[in-house]
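Peer 1: the following block contains a protein sequence and its predicted model.
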Amino acid sequence: MRRWLIALVVLVLGRLRRRPELDSGGRIVPPGGPDRRAESLVLLLFAGATLCGAAVPVVYAWDAIPDQTQFLGLAFGLAFAFSSAACIVIGKRLVVTEELEEDYGLSHPDDREALEQLVEESGDRFTRKRLLFLAGAGAGSALGAALLTPAASLGPVFDVSSLYRTPWHRGVRLVDETGRALRAGDIEEATFYTAYPEHADREQMGAPVVVVRLKPEQLRLPDDRRGWAPAGILAYSKICTHAGCAIALYRKPTFAPVEPRPALVCPCHYSTFDVANGGGVLFGPAGRPLPQLPLAIDASGGLRAAGNFSGPVGPSWWGVRNHGARS
Amino acid sequence: MRALLVCAAAALLFVPGAHGGDLGAQLYGAGCITCHGPEGRGIADRGPSLRGAGARAADFYLRTGYMPLASPHTQPDRSRVLFSQRELAALVAYVASLAPGPRIPTPHPARGNLAEGQEQFTEHCAGCHQIVAEGGYVTNAVAPPLKHAGPVEIAEAVRTGPYLMPRFSAQQITDAQLDSIIRYVIYAKHPDDRGGWALGHLGPVPEGLVTWFVGIVLLVATCLVIGRRLHP
Amino acid sequence: MVGRPQPRRALVIRRTVRFLDERSGAAPFLRKALRYVFPDHWSFLLGEVALYSFVVLVLTGIYLTLFFKPSLAVVHYHGAYLPLRGREMSEAYESTVNISLSIKAGLLMRQTHHWAADVFVAAIVLHLLRIFFTGAFQKPRDLTYYIGLVMLIFALLEGYLGYSLVDDLLSGMGLAIGYGVAMSLPFVGANISQLLWNGPFPGGHDFESRMYMAHVLLLPLLIGGLILLHLTLVAARHHTQFAEGRATEKKVVGMPTVPAYAPRSLGLAFAVAAVLFLMGGLIQINPIWQWGPYHVSQATNGAQPDWYLGWLIGALRLVPNFDVTIGHYTLVPNPFWGGAGFPMFVFLVLFAWPSLERRVTGDYAFHNLLDRPRDAPWRTAIGVAFFTWIFVVFLAGAADRMFVMFDLSYRGQIWAFRVLVWVLPVVALFVAKRVCEELLRGEVVEVRRKLVEAEPVG
């Protein structure tokens, strides 16, 4: 009885060894019967893939086909899909699916010790290890900093004063997108205009302004901005003070009982600014009111800036309240 | 509510003598006078004056179904028009007769330039209506999609400035530019949509939905086919 | 064996193997590698979906670089698309319009590339959820997990840069917001953004070159290298597995690479390519010719980032309007909370989770077996709550579209979301915990029932 038990144990242990390829008469992969139906299916699928793949250059070259993109995509996609199906059928039905075992990785205490020893012994000859290490670290840091230094040329990282600068100053004429000067007489109520400083680059945040007109009795500007809206014409920066999108929505005054205040709205996160009281935030996440541009009407009736904005334009940064807008 | 007003108005047609030129006045008296007052003078908390609004505004508000409006505190929106063509014409004529006002515009979108239209629409309209006129949000209101707007309606809306929408006069947008804008809006109803199913031209939100509900679903299904489930 | 005539096929195989081994000495390694054992639960394939999406990205991306012009030089469009005729735009935008509308197969490649990017990140997120809820990040695989998180961050950045390269109206607005968020970093925001953009937004023309270099070379190399490291670590420590069948903490059970696993994996690769090309051909994505070129003074309603940044736009819209100031010094501008603080916090939690869990449970052991989500009720509950929090913020980003479509007041939605964002995760936590516990109890009952049934009657 005991002999049989031992034989059984040996047999079982033998089957669970890590090198099963020494079992079953020299085979590595266990044998499995044929599956002609699966084979035929794979043949069909490969045929499908071949057809679709061949269709790609045909569709590509045949200009008469409308919707080229769709048919090309269909041909490519189906070619891949057939190939995928073929591989899956092969994997599940035409090759033997074995369930093997392996050991999970064990610790390697001997090798670790050897590594530690290697490092230790390599440093045997040094007498001032700590000092040398510090010196080496110093050299490495200096080299690293040196390699990073040219990155400072990427932009004015130390001098951010250009963030205060806008192309507006006293006397700058307001022009529309074609370059024609805006005349106060042309500015109507209940609509909005986009204006730019004459002769300046328009693709900067400080350039575009929104111009609207209210009745002078509707204005509620702070005292220090009393002259800023001649004839009720107001100008505000077109760039939202939240994250920098263009404020392209104007909610015009409508019938009094339902009229929400006339407001400029940003389409990104819906910061809403009150045009009558100097750009205060009515709704939305903007943390700063919309900068207002003081206006003046010159002798020929044209609109000009009477100074720079009430504050820096665009999104806030650490210094946005430290200084006014510079010209 | 709206239907009630209009039915009341229509019922008046059966009152003897209420035909011809008086039709507009009759309809006005049945449905509009409660908010807009006698002779369109307006009522303080209910409806603005219509004197000087002209045929242009009246035609726009009535043909889109914006008016009649059940309450002055709701935003007018496109709804079923319950008036007949004859009634509409009569009502518009009546409002136009209250005081001199702008006529119904006659746009010519075919004369417009599509590229100029795209540029003008981006400049003046896309902030509210979205770049291909799918509509959008303005704080406290909706800027509707323009899929059902005809050329005359668009011209009327641009020149009138309904509800919160700005009013763009010919000084700001010339008639030629308006033709181009209308041509673009009509184009935007069926824009060049090559590349497959257009997902409503709304951008990344439906694209994200497709990513998960089409792409990921298909690929997870593939994983389920290839792999196996848990077994004890 | 000796002297038996060899069939032709066997001869070819013999010669190939001999060639390889003579020149590389790889036979022992290959012998082991080709019999490497893969546990084959279906959820273990999600990482591979991401991997194969990356391959499609690289290949279609290379194709696009052969036509795209990474330059902001101003040109006037004279191509076939009428609504843009004569319009002023950058070369970058013009070349993308041409790829889409004038170059054969260009639109297919572009759309496949963009869909692949969306699916790539989605697959990573799904894979991350699987890793988290089965506890696969536990020692010794925490390093693998950290590498995966870094790859996720790189993937987010890579996608953002990719669609921003085009300089269309939609992505230009997105870049402005990115600038606004960069500016909002306390103490250093302005400096970092001035460095990156070379001055105030929109910066110089070199910003396009910087985005291009990062998107086409730096990030793909980094992601590719990390993928290699990630896969090497997975292979070195073997894949984890559920406690089923013969699997134990010491033994991994599964199918070998050859002949069982390789065709399946290849099949998945082809399936990924199939789905991505079918989407690229049949479903439109990012029709930039409709958006028009970007200008600083222009905007459109309904602008959104790609889905994987939707959590950020939701956060930016939900945060109430305040800048944190000390006197005149603006310490924390508003966009910081939603655009930077929120994602930083999320990743901080994800990075810290393995060591946090170890410390709280006191379990410092190695784990090769996975938990089913119900087996770790606290981890599952907290994870569900955490991801619910992120998801509710994500939903808030689409509130304006829900207003236009379903007439739900936008302001009302914002307030509702501000409340739900804190309430729903708590609810989710309790529900998830309860579900886990009930499922576990149910299993005990099941076992008892089987024992009772197996007892002989009488």
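Peer 2: Received, thanks. Numbering: from 1, shown residues only, chains lettered A, B, ... in the order given.
Peer 1: isn't there a helix covering A:Glu101?
Peer 2: No - the assignment for A:Glu101 is strand, going by DSSP: H, G, I helix; E, B strand; the rest coil, so no helix is present there.
Peer 1: quick check: closest non-adjacent residue to A:Ala195.
Peer 2: Counting by C-beta to C-beta, 6 or more residues apart in numbering or on different chains, A:Ala195 lies nearest to A:Leu174, which is 4.2 Å off, once chain neighbours are set aside. The C-beta positions use only the backbone N, C-alpha and C, and glycine is treated the same way.
Peer 1: for the one you found, grab the count of nearby residues.
Peer 2: A:Leu174: 25 surrounding residues under other C-beta atoms under 10 Å in any protein chain shown.
Peer 1: quick one: average pLDDT of the helix or strand hosting it?
Peer 2: Assigned by DSSP states H and E, A:Leu174 falls within strand A:174-175. Strand A:174-175 shows a mean pLDDT of 97.
Peer 1: give me the helices and strands touching that strand, please.
Peer 2: Judged by 3 or more C-beta pairs under 8 Å, 6 or more residues apart in numbering or on different chains; DSSP states H and E, the packing partners of strand A:174-175 are strand A:192-197, strand A:303-305.
Peer 1: could these be laid out in a markdown table, adding mean pLDDT, distance to C:Pro373 and mean neighbour count?
Peer 2: Output for the helices and strands packed on strand A:174-175, formatted as a markdown table (pLDDT from 0 to 100; distance: least, C-beta to C-beta, whole Å; neighbours: other C-beta atoms under 10 Å in any protein chain shown):
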| stretch | mean pLDDT | distance to C:Pro373 | mean neighbour count |
| --- | --- | --- | --- |
| strand A:192-197 | 96 | 54 | 24 |
| strand A:303-305 | 96 | 63 | 24 |
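Peer 1: make JSON lines out of these and add distance to C:Leu129.
Peer 2: Shown next, in JSON lines, are the helices and strands packed on strand A:174-175 (distance: least, C-beta to C-beta, whole Å):
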{"stretch": "strand A:192-197", "distance to C:Leu129": "46"}
{"stretch": "strand A:303-305", "distance to C:Leu129": "55"}
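Peer 1: closest one to B:Leu146 among those?
Peer 2: Comparison of the helices and strands packed on strand A:174-175 against B:Leu146 by C-beta to C-beta identifies strand A:192-197 as nearest, at 19.1 Å.
Peer 1: please enumerate residues in contact with that closest one?
Peer 2: For strand A:192-197, the surrounding residues in contact (C-beta atoms under 8 Å, 6 or more residues apart in numbering or on different chains) are A:167-168, A:172-177, A:182, A:187, A:202, A:207-212, A:235, A:238, A:250, A:252, A:264, A:303, A:305, B:123, B:166, B:172, C:297.
Peer 1: can you select the buried ones among those residues for me in ChimeraX?
Peer 2: Here is the ChimeraX command that selects the buried residues among the contacts of strand A:192-197 (16 or more other C-beta atoms under 10 Å in any protein chain shown):
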select /A:167,168,172,173,174,175,176,177,182,187,207,208,209,210,211,212,235,238,250,252,264,303,305 /B:123,166,172 /C:297
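Peer 1: in helices, which of the contacts of strand A:192-197 appear?
Peer 2: B:Glu123 (DSSP state H).
Peer 1: in the chain, which spans are helices?
Peer 2: All of this is about chain A. A:2-15, A:36-61, A:68-89, A:109-122, A:129-148.
Peer 1: that answer is for a different chain, and I need it for chain B
Peer 2: B:2-11, B:22-27, B:33-36, B:54-63, B:85-98, B:114-124, B:126-129, B:151-160, B:175-189, B:204-210, B:217-226.
Peer 1: out of those helices, which is the most enclosed?
Peer 2: Looking across the helices of chain B with neighbours counted as mean count of other C-beta atoms under 10 Å in any protein chain shown, the highest average goes to helix B:126-129: a mean of 27.
Peer 1: and it, what does it pack onto?
Peer 2: With contacts taken as 3+ C-beta pairs under 8 Å, 6+ apart, helix B:126-129 sits against strand B:136-138.
Peer 1: centroid residue for chain C?
Peer 2: Nearest to the mean C-alpha position of chain C, counting by C-alpha atoms, centre = their mean, stands C:Val121 at 2.3 Å.
Peer 1: for A:Cys240, see how far away that residue is.
Peer 2: 28 Å (C-beta to C-beta, to the nearest Å).
Peer 1: the closest residue to chain C within the stretch 1-150 of chain A: what's it in contact with?
Peer 2: Per C-beta to the nearest C-beta, A:Gly73 is where the stretch 1-150 of chain A lies closest to chain C, at 1.0 Å. Contact analysis of A:Gly73 by C-beta under 8 Å, 6+ apart lists B:196, C:108, C:111-112, C:277-282.
Peer 1: again, only using 6 Å
Peer 2: Taking C-beta atoms under 6 Å, 6 or more residues apart in numbering or on different chains, we find A:Gly73 in contact with C:108, C:277-278, C:280-282.
Peer 1: may I ask which of those residues has the most neighbours?
Peer 2: With neighbours set by other C-beta under 10 Å, the maximum within the contacts of A:Gly73 is found at C:Gly280, which has 30 neighbours.
Peer 1: can you give me the angle the helix or strand where that one lies makes with helix A:36-61?
Peer 2: Per DSSP H and E: C:Gly280 is located in helix C:262-282. With axes from the mean of the first three to the mean of the last three C-alpha atoms, to 10 degrees applied, the angle from helix C:262-282 to helix A:36-61 works out at 30 degrees.
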